[in-house]
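In: Sequence and computational prediction follow.
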Amino acid sequence: MQSSDYTLIIPTFNRDDSLSRLLKYLEAQNFPYPIHVLDSSVEEIRETNRELIESVQLECRQVVFSEDTHPFDKFRDGVAEVETELCGLCADDDVILVDGLRESIEFLLANPDYSVAHGYYFQFLYEPKEIFVSTITYYTPSYTNDEPLERLQALMRHYQALTYGTYRSEVLLKVFDNVRPVTSILGRELLSSALAAVYGKVARLPNLFYGRSLGPSASYSCWHPLEWVINDPTDLFSSYKLYRDILLSQTLTSPGNTMEAERGTRSIDMIHLHYFLKHAPMEAFDLIVSETLKGTSGTEIFQSHDVTMGLVYAAAQFESLSDGTDLLAENIVLEENAGAQEPTNPHGMIVSSILRQQGNHPNLVRYARNIKRFATGRKLLSATHCPPAYPEVAAVLPQEPTSVPDREEEIYPLSRPTAIRNYILAKDFVEPPAKYNIQRDDQRSDKLVAAMDFYV
């Protein structure tokens, strides 16, 4: 493996502090691959970024775009300039784990029938003296079926985006070329991941690969299918037809496809019906309808507590598309723990559920900071904090608010202090739920802390 095999693409927009932190992190780890920074910032910040790029000891270049460039158009034009066989994106406020990246590069070079390779993703909340790691948020198995639409089914039944994986450059360019007619952010993100799965197999390697920031990010309209259908269902359905037509045309010409157009169309529709239902909490629909009858705005309905918590809860319900062995393994774990005297940590369950939600919900950062307090003993949950629509969650929580231990006591069993900062690791990161089938790694926490100590 040579540095000429891969290029890292970092899109940035008016976040010079984040870009500086990421580039200095990569510099400290002697990042061996070329980097292209796709910069559509305002002129003053763009100049700051230029000075930063010239100062770091990296093979790094700035590619300038106008401030109003659509993000996916910027991605496409950036990939078009890549000269290496492989490439991948990294958001300027996220972080990529160099060891995990190296393994994904090695895998793709050795397996030509795979289009994408990546590992496990985690979510983190950054502060200079403390980083909170909530959970492993992307973990679904590899998509290895020979039939393109079977890979699409595996992707969409528990959707986890492929945006930041390691790609064959020709595949990623083809993806971005074909999503251009779709104008919505949601449509382009879904179609880009769907096309990647259609074009080839997708590998999930058992390593830490990528960290997704829980900090503030740009807000887009209709980024979530339920928000879209509440606000403008006619636009959603008309946009879906264009989306489906592109996806179908690419599927019919992809290696391994055995379906004719009619059966392919029906299959794509059923696959996406499952996706839409997954993102529509049944418990909240009476509220949605009643508020619509009252004339409440779609945005206000979508941001309501019951809808938000319903989406969070629905997103956490993972069922593996398998022969049943995953469920069997989970039952064995439950039986082994049946006689245990120590209860499982109910707060970890809420932490995972809330922070596993995908997208840029306006309240997500507030939730993240509240859950950080829950997870660290600064404020603990009880059943009284749980929405009545979710009795399964309330049942595992204490009926009265748990008292907060004295600060002098050992209340941070998952706290990992270093010379750089303190790390607070949620239980679901250290011990992921059995049903997710995340491969055990007793050094996972050590590896993460060692890498993130360079992220300053």
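Out: In hand now; what should we look at?
In: Residue 450: neighbour count?
Out: Per other C-beta atoms under 10 Å, the neighbour tally for residue 450 reads 12. Placement of C-beta: from N, CA and C, glycine included.
In: Does it fall in a helix, a strand, or a coil region?
Out: helix (DSSP: H, G, I helix; E, B strand; the rest coil).
In: next one: residue 174
Out: At residue 174 the chain is in helix, as set by three-state DSSP.
In: what's near enough to touch it?
Out: 195, 199 (C-beta atoms under 8 Å, 6 or more residues apart in numbering).
In: Run through the stretch 151-300 of the chain and note the low-pLDDT ranges.
Out: 216-222 (pLDDT under 70).
In: And the helices in it, which stretches?
Out: For the stretch 151-300 of the chain, the helices defined by DSSP state H, counting those that start in this stretch cover 169-179, 185-199, 225-231, 233-252, 261-278, 285-294, 298-302.
In: what's downstream of the last one, the next helix or strand?
Out: Where DSSP states H and E defines the elements, the next helix or strand beyond helix 298-302 is helix 305-315.
In: I'd like to know which elements that next one is packed against.
Out: With contacts taken as 3 or more C-beta pairs under 8 Å, 6 or more residues apart in numbering; DSSP states H and E, helix 305-315 sits against helix 285-294, helix 346-355.
In: Could you rerun that using 10 Å?
Out: helix 225-231, helix 261-278, helix 285-294, helix 298-302, helix 346-355, helix 364-376, helix 391-394 (3 or more C-beta pairs under 10 Å, 6 or more residues apart in numbering; DSSP states H and E).
In: Show the pLDDT at residue 414.
Out: Here the pLDDT value assigned to residue 414 is 85.
In: number of nearby residues for the residue lying closest to it once chain neighbours are set aside?
Out: Excluding its sequence neighbours, the residue lying closest to residue 414 (C-beta to C-beta, 6 or more residues apart in numbering) is residue 425, at 4.4 Å. Neighbour count of residue 425, defined by other C-beta under 10 Å: 24.
In: Next up, the contacts around residue 425.
Out: 122, 124, 131-135, 375, 412-416, 444-445, 448-449 (C-beta atoms under 10 Å, 6 or more residues apart in numbering).
In: Could you list everything it pairs with in the sheet?
Out: Beta bridges link residue 425 to residue 133, judged by DSSP bridges.
In: so how far is stretch 157-175 from its chain's centroid?
Out: Relative to the chain's own centre, stretch 157-175 is displaced by 12 Å; criterion: C-alpha atoms, centre = their mean, to the nearest Å.
In: what's the span of that stretch, first residue to last?
Out: 21 Å (C-alpha to C-alpha, to the nearest Å).
In: that older thread, only the buried subset of the contacts of residue 425, as a PyMOL command please.
Out: Buried subset of the contacts of residue 425, written as a PyMOL selection, criterion 16 or more other C-beta atoms under 10 Å:
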select buried, resi 122+124+131+132+133+134+135+375+412+414+416+444+445+448+449
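In: Can you classify the closest residue to residue 417 other than its chain neighbours by secondary structure?
Out: Distance criterion C-beta to C-beta, 6+ apart; nearest residue to residue 417, sequence neighbours excluded, is residue 423 at 7.5 Å. Three-state call for residue 423 (three-state DSSP): strand.
In: all helices in the stretch 1-150 of the chain, in order from the N-terminus.
Out: 16-28, 43-55, 71-80, 98-110, 148-157.
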